[in-house]
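quick one, structure for this:
(one chain, ligands or ions: 3)
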Amino acid sequence: MCPCQNGASQPVDNSEMVQVPLNGATNVNGTNGTNGNATANGSANGHANGSTRPFNPYAPRASDFLSNVCNFKIIESTLREGEQFANAFFDTKTKIAIAKALDAFGVEYIELTSPAASEQSRRDCEEICKLGLKAKILTHIRCHMDDARIAVETGVDGVDVVIGTSSFLREFSHGKDMAYITKTAIEVINFVKSKGIEVRFSSEDSFRSDLVDLLSIYQTVDRIGVNRVGIADTVGCANPRQVYDLVRTLRGVVSCDIEVHLHNDTGMAIANAYCALEAGATHIDTSVLGIGERVGITPLGGLVACLYAADPEYVKSKYNLPMLREIENLVAEAVEVNVPFMNPITGYCAFTHKAGIHAKAILNNPSTYEILKPEDFGLTRYVSIGHRLTGWNAVKSRVEQLGLTLTDEEVKDVTAKIKELADVRTQSMDDVDTLLRVYHSGIQSGELAVGQKEALDRLLKKHRGESAQIA
Ligand SMILES: CC(=O)SCCNC(=O)CCNC(=O)[C@H](O)C(C)(C)COP(=O)(O)OP(=O)(O)OC[C@H]1O[C@@H](n2cnc3c(N)ncnc32)[C@H](O)[C@@H]1OP(=O)(O)O
Ligand SMILES: O=C(O)CCC(=O)C(=O)O
Ligand SMILES: [Zn+2]
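Ligands and ions are numbered 1, 2, ... in the order given. Prediction:
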């Protein structure tokens, strides 16, 4: 199990890897590595413009006047879209645990399954509304008065109304034309508004809908005072440029907020969410680990990683980032999946550095190869050294952590031995530490000098023999 995952079951076993925890604070040169700005020679990172803030190439530019990259809200839909994930079954207790965890993390909205889906769904919706969470509670319904009547009785803060507008869905799902859709949307929106709660209108399958149809229905619902309109990439067919264009166009047509719901069928969901914000979207739908229909939607953790890269301070001020791992583990367990190894932030080894070139630079200044700071997420950085891609700088750092004294020449010599051994098999932390200690005591006692490979092999054999006897 990777030491950075503490308790989360992981699909890959790297128990043989040597990992040097860096304690998130001190690098080999004794400079403070936690803020990512201090460098090995003490210079600050990227202050070319004379400001006190470090230069961030990912931050929105002044020219991005529409951008909401630093001003957005999350509509967390694990308990609605996430329940549509093939593996998902959330009992009431689990729903409450997830809702409380998301609330403690700080999401602005929690979206729940339609109370029209089943009697238990309705009861759960009422139960979650009674929890008194800070997050606003929404439920998600068809554009139909029967569903709306049930929804407004649950105690929710708002209702998300959806209906398909593409020809596919108009023909093969509900069979209604645009005139009927518009008339019903007006009726449902007015009804929900009359109850004094928020209402959002969304067109399902927006990217395969006729643009004129879309803009005209959005304009209509905006005029009657809908709180938000939603664009949905229901089949995950859109690319970032298409998302930007559609949101940008819509931004010029409606004055209400704009929500986006983006499926991940082609792996674009995070990039598409980012582009939606750049174009002026105000609300992004997410689910924990991205769970939802098929491969799901924009994952909460991935979106947070992406937006943190743009403006770490803004994202840190809004969300309790160290809770992310706990929430992902909670949901992963509930739906019986592992956290994917390449998951942003919490993935197996997301903050483990391996190659010698990387390790040296990371030890001098973590910003060289890290855009996210593990300590902001309550996580720890590791450097892995028990392999053939290691380098003497990383080994030196371990030597120092063990409190051993070796010259650079000696560290290079023992590094060559680690590589020789790792050419046969990856070395565990214990293997490497033992080698370093045996090497160090050989040097201290005078039994060993740089380059004396046979003497080192003899000492190692002797050590193993002694260990075997003790065992
Ligand atoms: C893209 C999305 O993810 S949208 C959200 C999906 N969420 C859900 O489906 C929630 C869970 N669903 C359910 O529990 C059920 O499907 C229910 C309760 C909503 C409806 O169940 P049923 O009445 O048995 O209908 P069924 O599911 O077979 O078909 C959907 C019905 O809704 C209609 N419909 C589909 N989408 C919409 C819509 N957005 N607005 C209004 N009506 C719609 C269809 O025409 C169909 O009506 P029909 O009874 O005339 O055939
Ligand atoms: O309500 C919405 O905006 C989206 C509904 C949905 O889940 C989808 O279209 O994929
Ligand atoms: Zn969806």
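
mind telling me what element V229 is part of?
strand 228-233 (DSSP states H and E).

which secondary structure elements does that strand contact?
strand 158-164, strand 198-204, helix 211-223, helix 240-251, strand 257-262 (3 or more Cβ pairs under 8 Å, 6 or more residues apart in numbering; DSSP states H and E). Any C-beta I mention is one placed from the backbone N, CA and C, and that applies to glycine too.

which other helices and strands contact the fourth one?
Using 3+ Cβ pairs under 8 Å, 6+ apart as the contact criterion, the neighbours of helix 240-251 among helices and strands are helix 211-223, strand 228-233, strand 257-262, helix 269-278.

buried residues, that helix. List them.
The neighbour-count check on helix 240-251 (16 or more other Cβ atoms under 10 Å) flags P240, V243, Y244, L246, V247, R248, L250, R251 as buried.

if we can go back for a sec, mean pLDDT and distance to ligand 1 for the helices and strands packed on helix 240-251 - can I get that in TSV?
Shown next, in TSV, are these (pLDDT from 0 to 100; distance: least, Cβ to the nearest ligand atom, whole Å):
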stretch	mean pLDDT	distance to ligand 1
helix 211-223	98	13
strand 228-233	98	7
strand 257-262	98	8
helix 269-278	98	14
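
and the stretch 251-400 of the chain, which residues reach ligand 1?
Counting by Cβ under 6 Å from any ligand atom, the stretch 251-400 of the chain comes close to ligand 1 at E293.

close to ligand 2: what parts of the stretch 251-400 of the chain are there?
H261, H263.

got any ranges where the stretch 251-400 of the chain has weak pLDDT?
Counting by pLDDT under 70, the stretch 251-400 of the chain contains no low-confidence range.

for it, which segments count as strands?
257-262, 283-286, 352-353, 382-384 (DSSP state E, counting those that start in this stretch).

so which of those strands is the most surrounded?
strand 283-286 (a mean of 27; mean count of other Cβ atoms under 10 Å).

could you count how many residues lie near the residue of the stretch 301-450 of the chain found nearest ligand 1?
Distances between the stretch 301-450 of the chain and ligand 1 by Cβ to the nearest ligand atom are smallest at V335, namely 16.8 Å. Here the number of neighbours of V335 (other Cβ atoms under 10 Å) works out to 20.

and for L133?
Using other Cβ under 10 Å: L133 sits among 17 other residues.

M342 now?
Neighbours of M342 (other Cβ under 10 Å): 9.

report pLDDT for S467.
Looking at S467, its pLDDT stands at 76.

wait, a helix at it?
Yes. S467: assigned to a helix according to DSSP: H, G, I helix; E, B strand; the rest coil.

give the contact list for it.
Residues near S467 by Cβ atoms under 8 Å, 6 or more residues apart in numbering: none.

list the residues that contact the residue nearest to D205 when sequence neighbours are not counted.
Excluding the flanking residues, the one nearest D205 by Cβ to Cβ, 6 or more residues apart in numbering is S166, at 3.8 Å. With contact set as Cβ under 8 Å, 6+ apart, S166 has these partners: E204, D205, S206, R208, S209.

let's see 7 Å
Applying Cβ atoms under 7 Å, 6 or more residues apart in numbering to S166 gives the contacts D205, R208, S209.

quote the end-to-end distance of stretch 170-185.
Across stretch 170-185, the terminal residues are separated by 15 Å (Cα to Cα, to the nearest Å).

next: stretch 129-141.
16 Å.

cool, and stretch 333-345?
Terminal-residue distance, stretch 333-345 (Cα to Cα): 18 Å.

so what's the gap between it and the chain middle?
Chain-centre distance of stretch 333-345: 11 Å, with Cα atoms, centre = their mean, to the nearest Å.
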